[in-house]
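# one predicted model, sequence on top.
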Amino acid sequence: MSTSKTAVTKQFSYITDLDVANWLLSTLPPGPVGFDLEWKPCYVKDQPENRVALIQLAAADCVLLLHVHRMRGVPYKIRDVLNGSQVDQGRRQHTILHVRNCVDLSLMARSVDNARWKGRYTNPIGLARLLETYHGTTLSKGKVQRSNWELPLSPAQRNCK
């Protein structure tokens, strides 16, 4: 799990360096990309969620874990990967990512298979449930799902299987 520029030949990269992240993002081939975010859970009622700590991208032949909490900013090349999205550096070091040309699988499932998915469109359907329903496979997340994603990632957090 190297952050060197030679990591592009590998299928899995954990990146904590902003320049390496931008370089790897610029080498991704065109095509569909899976996109997910992780952040440190907030257990205090009526408190806002914590900022995004990890951006996960999966392309046809590689997985990138961009540990933005460990970087000095959000990689600017992320907007190219997400097809013209905008990244705004706001006040107090907050970054806002306006995503375009993306499909929320939860909303897609509710739209095309509405009879199966009862409930409001604002209630997300997790990837684990979607995989089990449509692919017959399970996605085991365990306790890792509620991890502190701001810390350096453990082997369990890095596991892509």
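Nice, I can see it. It should be emphasised that the depicted structure is a prediction, and the values quoted were computed from it without experimental measurement.

# every contact and neighbour count from this point should use C-alpha atoms.
Fine.

# helix, strand or coil: sort out Arg120 for me.
Secondary structure of Arg120, reduced to three states by DSSP: H, G, I helix; E, B strand; the rest coil: coil.

# from here on, count from 50
Okay, residue one is now 50; in that scheme the one you just asked about reads as Arg169.

# average pLDDT for stretch 125-141, rounded please.
Averaged over stretch 125-141, pLDDT sits at 64.

# now do the strands in this structure.
Under the criterion DSSP state E, the chain contains strands at 61-64, 83-88, 101-107, 112-115, 135-138, 144-147.

# name every strand pairing with the fourth one and say which way it goes.
Spelled out, it's strand 112-115. strand 61-64 (parallel), strand 101-107 (antiparallel) (DSSP bridges).

# at the geometric centre of the protein, which residue sits there?
Centroid check for the chain by Cα atoms, centre = their mean gives Asp85 as the closest residue, at 2.3 Å.

# can you pull the contacts of the closest residue to that residue other than its chain neighbours?
Of all residues not flanking Asp85 in the chain, Gln105 sits nearest, at 5.1 Å (Cα to Cα, 6 or more residues apart in numbering). For Gln105, the contacting residues are 83-86, 112-115, by Cα atoms under 8 Å, 6 or more residues apart in numbering.

# again with Asp85
104-106.

# helix or strand with the lowest mean pLDDT in the chain?
Sorting the helices and strands of the chain by mean pLDDT, DSSP states H and E puts strand 135-138 at the bottom, at a mean of 51.

# returning to that earlier point: relative to Glu181, how far out is the residue nearest to Asp85?
Per Cα to Cα, to the nearest Å, Gln105 is found 21 Å from Glu181.

# quick check: Pro78 vs Val130, distance?
Separation of Pro78 from Val130 (Cα to Cα): 9 Å.

# pick out whichever of those two has more residues nearby.
Val130 (19 against 13; other Cα atoms under 10 Å).

# please name the residues that touch the more buried one.
74-75, 77, 82.

# could you redo the last one with a cut-off of 7 Å?
Residues in contact with Val130 (Cα atoms under 7 Å, 6 or more residues apart in numbering) are Leu74.

# can you give me the helices in the protein?
67-76, 127-130, 154-161, 176-184, 204-207 (DSSP state H).

# out of the strands paired with strand 112-115, flag the one nearest Pro90.
strand 101-107 (10.2 Å; Cα to Cα).
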